[in-house]
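Below: sequence and its predicted model.
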Amino acid sequence: VEASIPEGQRAAWKKFSATEFKTKDEFESEVVKHIETTLARSLFNCDEAAAYGGVALAFRDRLVIEWNRTQQRQSSADPKRVYYLSLEFLMGRALDNAMLNVGMKDVAKEGLGELGFRMEDVISQERDAALGNGGLGRLAACFLDSLATLNYPAWGYALRYKYGIFKQEIVDGYQVEVPDYWLDFNPWEFPRHDVTVDVQFYGHVRKYMDESGKQISVWEDGELVTAVAYDAPIPGFGTRTTNNLRLWSSKASHGEFDFTKFNSGEYEASVAEQQRAETISAVLYPNDSLERGKELRLKQQYFWCAASLFDIVRRFKKSRKAWKEFPNQVAIQLNDTHPTLAIPELMRILLDQEGLEWDEAWSIVQKTFGYTNHTVLPEALEKWSVPLVQHLLPRHLQIIYDINLNFMHYVERNFPKDREMLGRVSIIEESTPKMVRMAYLAVIGSHKVNGVAELHSDLIKTTIFKDFVKIYGPDKFTNVTNGITPRRWLHQANPRLSELIASKLGGYDFLRDLTLLHKIEAYVDDKEFRKEFQEIKYANKVRLAKYTKEAHGISVNPSSLFDIQVKRIHEYKRQQLNIFGVIYRYLELKDMSPEERKKVQPRVSFFGGKAAPGYWMAKTIIHLINQVGAVVNNDKDIGDLLKVVFLEDYNVSKAEIICPASDISEHISTAGTEASGTSNMKFVLNGGLVIGTCDGANIEITREIGEDNIFLFGNLSEDVEDLRHAHTYSGDFAIDPKLERVFAVIRAGRFGDAAQFSALVNSIVEHGDYYLVSDDFASYIDTQKLIDAAYKDQEAWLTKTITSVSRMGFFSSDRCIDEYAEMIWNVEPLAPPKQNGA
Ligand code: GL9
């Protein structure tokens, strides 16, 4: 449908075209107008929530203007676009980011003051958009920020969950999950009721020959569910490029309700069907690194892939280019295996709807997709039962079988001597029931596969994808080490540090080219700089201490060493190692004389993170942390020497307070298990040091900042397998004596009913200590002692932190995005035209 305004009327449009506020007065006028009209409130009825609404709407208008321009520019230039398919985007709050990215925060702050509000109070009214579980979802959010900042024509595609990750409450020391309904006021999304896609499920496939003798497949008699697009603007920093994040919401395909049923008195049934459709996009699955094989999850995946591909293909078809041009116009990145169904779906579109031959279609598909792997944990590798896929997506199962058949032929031809290889690499696992191995399908259907840190990318080549390296050669596999956006994780979270750096570098260019940070190393001996740097760290610790008091009623001394571990709770991340270490420290303190205690470095151990609701062991770890806190924090002998805090409901907005406040943060996964980690980067960038294992990005952080500036400990990944083997088979596996002492007090009931913790202790003592807690315990305790000693020399410590910050340039997500663009997507930026010298 042609919907543009005829030439004759365009002059009027241009005259009245929307403009952006430019001054404080214009800003205030827009805020008041939005509060009085859009929100229907008044100066007699304006709380902080309403003020937030007014400010958000004023900035939203600015964003929308540039967003429309960006989309128009991209439509007419029609460059190759990137589509980032991710079931998770852990965005956090949008307002502060919008203000900083478009660069009007100072003006707004002043204007808001005149209207009677403080900026911090207004910002904190916003609810987090928490559409993700952890690192994988936050990485996707950082990537959107970088894509826009670097002017890449890029779209994110995901689901519009009604409920994001649950809110965590701690009740009597236990995690309780509360639903997070975040949509009652969300000014950042735009429903596009005219952009819909009907997605089919179930049904069956009918095959017939057409006149030319070609076999045609028709997928019919299915059930339809409609996907409705909701768009959110993604502003770049220091550029007018504003990209789009499109979230799909599900609803019944026949509109409000089924009139036939309604008219025949089956009102309830018609509403039930509508609810069934809406269930698809209702809730984010809260599992971290675990796939449970639920039908609804598979429905979510297909619903999202089908709607997104329909949208992408529709956009491509507007350009009327030949199909072979598709991979020159479209790059699709699969964020983990969750969107792997996009591969058979694009095949289905090309074969069944567009009539392409198999080989041509397959060549297009392989050139279009790239796949990022985020974990080697076996329990996280997605598999779907063949009967389930057959039932829900019968045509896709056929296509998967055909892909597999071609692949098996290829392998057989090239490796005739390795008979076992076929079974090992088949997409179909010959179990009962048979399973579709999604990671293999993703590898086979993509032209590049990448891991997320060097060690991880090496590991996938020698473990889970070893055979595929033989089959395709090593060039198909590559590495893109993760990064973080310095806009949110430095400029927004730590404005004073950002300002200090800018004052030395002569401006904020480092926020667009983080490698410029190396220039602050020149100030490492500058007295004034050192003093300010240290004051900023202290102020950030005071802020966290204040939050800890307000939220948890626990007083902590900001002069203590702040030791922080915040991330999802998981045995492989080893929060149990940390809390056992805390208990050991407590026992040592108890053994000391008052004189000896005076020499001890006071410390606060902060923990934060959610456990998957069904992950009982992780919940036990949370409970133990809280029980230890209850004992230690109330022990008069101990006072400020040791405090233990569990920060409830860790999320993105809390991370913005927590990351700038560490002296030490813990990244202590069993070597070889943490693919990258990204909070390690956030903490170091904000002037904290790291205690960590030789795992994930810790290794590259060490390479960049120097081994003198990080506290590494523990066994190496190449030794993990042998150690595990020895635990089970050598017969003389003995628990570390220091750890044994910790277990003895737990068993004695020092932290409450010992029975509650027996499974946790026994996982180590009796069940093989899979995560090597005992093997690494002594090394961990020794390294913590080194940290206490190092912290005593505050000047040397400060030198380490400043040096580290200056060497973190590599870990910007801008560097990642440029690497993806060059090595995997082959896309170029489309810069906005210069305007007013900007
Ligand atoms: C993860 C890895 O475990 C992290 O090490 C990695 O930094 C991120 C991003 O690449 O991906 N993979 C994964 O499944 N999660 C990750 O964090 N889990 C969650 O996001 C909860």
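Yep, it's here.

Please make it C-alpha for all contacts and neighbour counts, starting now.
Will do.

and the residue in the stretch 401-550 of the chain that the ligand sits nearest to, how many neighbours?
Using CA to the nearest ligand atom, Val452 is the residue of the stretch 401-550 of the chain that sits closest to the ligand, at 5.4 Å. Applying other CA atoms under 10 Å, we find 24 other residues in the vicinity of Val452.

dump the residue contacts of it.
Val452 sits next to Thr372, Asn373, His374, Asn479, Val480, Thr481, Asn482, Ala675, Ser676 when contact means CA atoms under 8 Å, 6 or more residues apart in numbering.

Name the member of these with the most neighbours.
Ser676 (29 neighbours).

Please identify the residues of the stretch 601-750 of the chain in proximity to the ligand?
Applying CA under 6 Å from any ligand atom, one finds that the stretch 601-750 of the chain approaches the ligand through Glu674, Ala675, Ser676, Gly677, Thr678.

Can you give me the neighbour number for the last one?
Number of residues near Thr678 (other CA under 10 Å) recorded here: 23.

Show the contacting residues for it.
Thr678 touches Gly135, Leu139, Asn482, Gly483, Ile484, Ala697, counting by CA under 8 Å, 6+ apart.

Tell me, how many residues neighbour the closest residue to the fourth one other than its chain neighbours?
What it means is Gly483. Setting aside the residues directly before and after it, Gly483 is nearest to Ser813 in space (CA to CA, 6 or more residues apart in numbering), at 4.0 Å. By the criterion of other CA under 10 Å, Ser813 has 25 neighbours.

what's His456 in contact with, if anything?
Taking CA under 8 Å, 6+ apart, we find His456 in contact with Thr375, Val376, Gly672, Glu674, Ala675, Ser676, Gly696.

cool, and Arg487?
Asn97, Asn101, Phe237, Leu511.

Wait, a helix at it?
Yes: assessed by DSSP: H, G, I helix; E, B strand; the rest coil, Arg487 belongs to a helix.

circling back: from the contacts of Thr678, pick the one nearest Lys294.
For those, the closest approach to Lys294 (CA to CA) belongs to Gly135, at 22.5 Å.

any idea of the pLDDT on that closest one?
Turning to Gly135, the model gives it a pLDDT of 98.

can you offset everything so residue one is 19?
New numbering, starting at 19: the last item is Gly153.

isn't it right up against Gly695?
Yes: judged on CA atoms under 8 Å, Gly153 makes contact with Gly695 at a distance of 6.9 Å.

Of those two, which one has the most company?
Between Gly153 and Gly695, counted using other CA under 10 Å, the more crowded position is Gly695 (24 against 20).

roughly how far apart are the more buried one and Gly710?
Using CA to CA, to the nearest Å, one gets 11 Å for the distance from Gly695 to Gly710.

cool, Val223 as well?
According to CA to CA, Val223 stands 53 Å off from Gly710.

So which residues of the stretch 419-568 of the chain form helices?
Assigned by DSSP state H, counting those that start in this stretch, the helices in the stretch 419-568 of the chain fall at 437-443, 456-462, 472-480, 484-490, 504, 513-523, 545-570.

and the helix or strand just after the longest one, how far out from the chain's middle?
In this case it means helix 545-570. Moving toward the C-terminus from helix 545-570, the next helix or strand (DSSP states H and E) is strand 579-584. Relative to its chain's centre, strand 579-584 lies at 21 Å (CA atoms, centre = their mean, to the nearest Å).

The closest residue to the ligand within the stretch 519-668 of the chain: what secondary structure?
Relative to the ligand, the nearest point of the stretch 519-668 of the chain is Arg586 (6.4 Å; CA to the nearest ligand atom). Secondary structure, three-state DSSP: Arg586 is coil.

Name all residues that make contact with the residue lying closest to it once chain neighbours are set aside.
Nearest non-adjacent residue to Arg586, counting by CA to CA, 6+ apart: Gly627, 4.7 Å away. The contact partners of Gly627, taken as CA under 8 Å, 6+ apart, are Val584, Lys585, Arg586, Ile587, Leu665, Glu666, Asp667, Tyr668, Asn669.

can you tell me which of those lies nearest to Glu725?
Nearest member of these to Glu725, counting by CA to CA, is Val584, at 23.0 Å.

Which residue of Val223 and Gly710 possesses the greater neighbour count?
Using other CA under 10 Å as the criterion, Val223 and Gly710 rank with Gly710 on top: 26 against 17.

Distance check, the more buried one against the ligand.
Going from Gly710 to the ligand by CA to the nearest ligand atom, to the nearest Å gives 13 Å.

is that residue in a bridge, and if so with what?
His685, Leu730 (DSSP bridges).

any idea how far Asp811 is from it?
To Asp811, Gly710 is 21 Å away according to CA to CA.
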